[in-house]
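> When you get a sec, could you give me coordinates for this:
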Amino acid sequence: MAKAAPHIRIPGSKSISNRLLVLQALYPGLKIRNLSTARDTALLQRALKGGGDTIDVMDAGTAMRFATAYYAAHTSRSVLITGTERMQRRPIGPLVEALRSLGAKIEYAGEEGYPPLRIFPAKLRGGEVSINPGVSSQFITALMLIAPSLPERLCIRFDKGQSVSVPYWQMTAELLRQLGATVKEVADGICIEALDKPEKTDFTVESDWSSASYFYAGTALTDKPVRLLAFQKPSLQGDSVAEKLFEDFGVRTVWEDDSILLQKIREPEKHHRQIDCTRFPDLAQTLAVTCFGLQIPCKLTGLKTLRIKETDRIAALENELAKLGATVRYGPDWLEIIPPIAFPVAQPVRIHTYNDHRMSMAFASLQPLFPNMEILDKENVRKSYPGFWGEFFL
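Take a look at the predicted model:
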């Protein structure tokens, strides 16, 4: 008898929601439906509302970058933006320098190049600004989001090589176009015209593809089908590439209106995989544990940004997969995983998640293979998917 597929409505995309919240702060008439329930989104929403002289974004990196750009362009008082100890070790210098070149008045309240930041009222102009696109796409997006509210066209010039996480700033570009802004991608960057009044004021957020990836991993490893609701095709989210990536692991995606049915249709071949994650770094942990669980050796590249996330995700994967018997090699921006011939399933093991929601959700798919595995601090999933544990094992 075929396994019944549970129906699950994954929360709205955190990436889309957070961008729309900034646009809503700039254009208050905007309505947002199916807003993400992630804690990161709630923290950004609180940060944009302000109300005090100190804004604490805790561990929300997106909120730190987006709120910095927003207040640099639109504050009538001085504000201090701060976060957790880890947040104060995540670089923000390239964004600060770019904003200063537009007229922003920002001071470092601690170590140069890192939060916390003191931001003072200033009138930002448009013009041209250069930024290194190889550090964080969120720096580019933060500038793009405030661009339509500036008095002149803003051209963001990319210098020093290849842009990371391109789909994320392209998502921003498409949302700005939907808003009514004129956005032009050029050879060395992107230009955005000023916009007085938005043409579109009602947005519905599609479900989150990054969160969907954990269900893809679960189906690949357990053969369990699942139907996920409220997705769009084509999607604004770069992580929608999960549909194609998991075909290689034997998972078929069946579309029906705005839902997707995930089915395991075959066992994948066991040959070595090499996957460039430059365009979808948030899927790296999912791909790592999927390959490991299927006993497929793999090398993941394009992981430079993983070093400066909630934790050093390359080191975290190396530490925890080694506990499960993997041989792991790594470098500054790559990770190679060789699974063992046989899993040590009887051995009790405690998986540390390093205050990283994606570590918890990625390793969840391995629990059926390792019944004696305990995932520590698993409630950190509140950062992006509060209801994850109640829905993943339905």
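> From the centroid of this protein, which residue is nearest?
D282 (5.5 Å; Cα atoms, centre = their mean).
> That one should be in a helix, yeah?
Yes. Assessed with DSSP: H, G, I helix; E, B strand; the rest coil, D282 lies in a helix.
> Next up, phi/psi of the residue lying closest to it once chain neighbours are set aside, please.
The shortest distance from D282 to any non-neighbouring residue, by Cβ to Cβ, 6 or more residues apart in numbering, is to S210 (4.8 Å). (Glycine included, C-beta is placed from N, CA and C.) With angles defined as degrees, to the nearest 10, S210 sits at phi -60, psi -40.
> Touching, S210 and A362? I think so.
No. With contact defined as Cβ atoms under 8 Å, S210 does not count as touching A362 (10.7 Å).
> Who has more neighbours out of these two?
Of the pair S210 and A362, A362 is the one with more neighbours under other Cβ atoms under 10 Å, namely 28 against 23.
> Okay, and that one sits in which element?
helix 357-364 (DSSP states H and E).
> what's the span of stretch 6-19, first residue to last?
Taking Cα to Cα, to the nearest Å, stretch 6-19 runs 30 Å from one end to the other.
> swap that for stretch 231-242, sorry
Span of stretch 231-242 from end to end, Cα to Cα: 13 Å.
> mind listing what's buried in that stretch?
By neighbour count with 16 or more other Cβ atoms under 10 Å, stretch 231-242 contains the buried residues F231, S235, L236, Q237, G238, D239, S240, V241, A242.
> One more: stretch 128-143?
For stretch 128-143, burial by neighbour count (16+ other Cβ under 10 Å) applies to 129-143.
> Surely I81 is in contact with I119?
Yes. Applying Cβ under 8 Å, one finds I81 in contact with I119, separated by 6.6 Å.
> Spit out the residues that contact the two alike.
Residues within reach of I81 and of I119 at once, by Cβ atoms under 8 Å, 6 or more residues apart in numbering, are T68, Y71.
> Tell me which stretches of this protein form helices.
With DSSP state H as the criterion, the chain has helices at 14-26, 39-49, 61-73, 93-101, 137-146, 166-179, 209-222, 242-245, 284-293, 313-323, 357-364, 388-392.
> With distance to A5 and mean pLDDT added, can I get the ones you listed in a markdown table?
As requested, those are exported to a markdown table (distance: least, Cβ to Cβ, whole Å; pLDDT from 0 to 100):
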| stretch | distance to A5 | mean pLDDT |
| --- | --- | --- |
| helix 14-26 | 25 | 97 |
| helix 39-49 | 28 | 96 |
| helix 61-73 | 32 | 97 |
| helix 93-101 | 43 | 96 |
| helix 137-146 | 34 | 95 |
| helix 166-179 | 28 | 94 |
| helix 209-222 | 9 | 98 |
| helix 242-245 | 16 | 98 |
| helix 284-293 | 19 | 98 |
| helix 313-323 | 29 | 97 |
| helix 357-364 | 18 | 97 |
| helix 388-392 | 13 | 96 |
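> hmm, back to that, tell me which of the buried residues of stretch 128-143 is nearest to G331?
When these are ranked by distance to G331 (Cβ to Cβ), G134 comes first, at 16.2 Å.
> Roughly how far does that closest one sit from F370?
From G134 over to F370 the distance is 37 Å, taken as Cβ to Cβ, to the nearest Å.
> do the same with S384
23 Å.
> count of residues packed around T301?
So T301, with other Cβ under 10 Å, has 16 neighbours.
> Surely it touches P332?
No. The pair T301 / P332 is not scored as a contact, 10.6 Å apart, by Cβ under 8 Å.
> rewinding a little: neighbour count for S384 and F370, which is higher?
In this view S384 and F370 are compared by other Cβ under 10 Å, and S384 has more residues nearby, 25 against 21.
> Contact partners for the more buried one?
By Cβ under 8 Å, 6+ apart, the contact list for S384 reads K14, S36, A38, R39, D40, D208, S210, S211, H357, R358.
> what does A98 give?
A98 neighbours (Cβ under 8 Å, 6+ apart): V129, S130, I131, F139, L143, I156.
> Distance to E185 added to those, as JSON lines?
Output for the contacts of A98, formatted as JSON lines (distance: Cβ to Cβ, whole Å):
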{"residue": "V129", "distance to E185": "16"}
{"residue": "S130", "distance to E185": "16"}
{"residue": "I131", "distance to E185": "15"}
{"residue": "F139", "distance to E185": "17"}
{"residue": "L143", "distance to E185": "14"}
{"residue": "I156", "distance to E185": "10"}
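> from those residues, which single one is nearest E310?
F139 (17.4 Å).
> what are the ranges of the strands in the stretch 101-250 of the chain?
Assigned by DSSP state E, counting those that start in this stretch, the stretch 101-250 of the chain shows strands spanning 105-108, 117-120, 127-131, 154-158, 183-186, 189-192, 202-204, 226-228.
> With distance to T311 as added columns, please give those in a markdown table.
Shown next, in a markdown table, are these (distance: least, Cβ to Cβ, whole Å):
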| stretch | distance to T311 |
| --- | --- |
| strand 105-108 | 23 |
| strand 117-120 | 22 |
| strand 127-131 | 25 |
| strand 154-158 | 28 |
| strand 183-186 | 33 |
| strand 189-192 | 31 |
| strand 202-204 | 32 |
| strand 226-228 | 27 |
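> I'd like to know which of those strands is closest to W255.
strand 226-228 (10.7 Å).
> May I have the predicted confidence score for the closest residue to G325 other than its chain neighbours?
What sits nearest to G325 in space, not counting adjacent residues and going by Cβ to Cβ, 6+ apart, is P340, at 3.8 Å. pLDDT recorded at P340 is 96.
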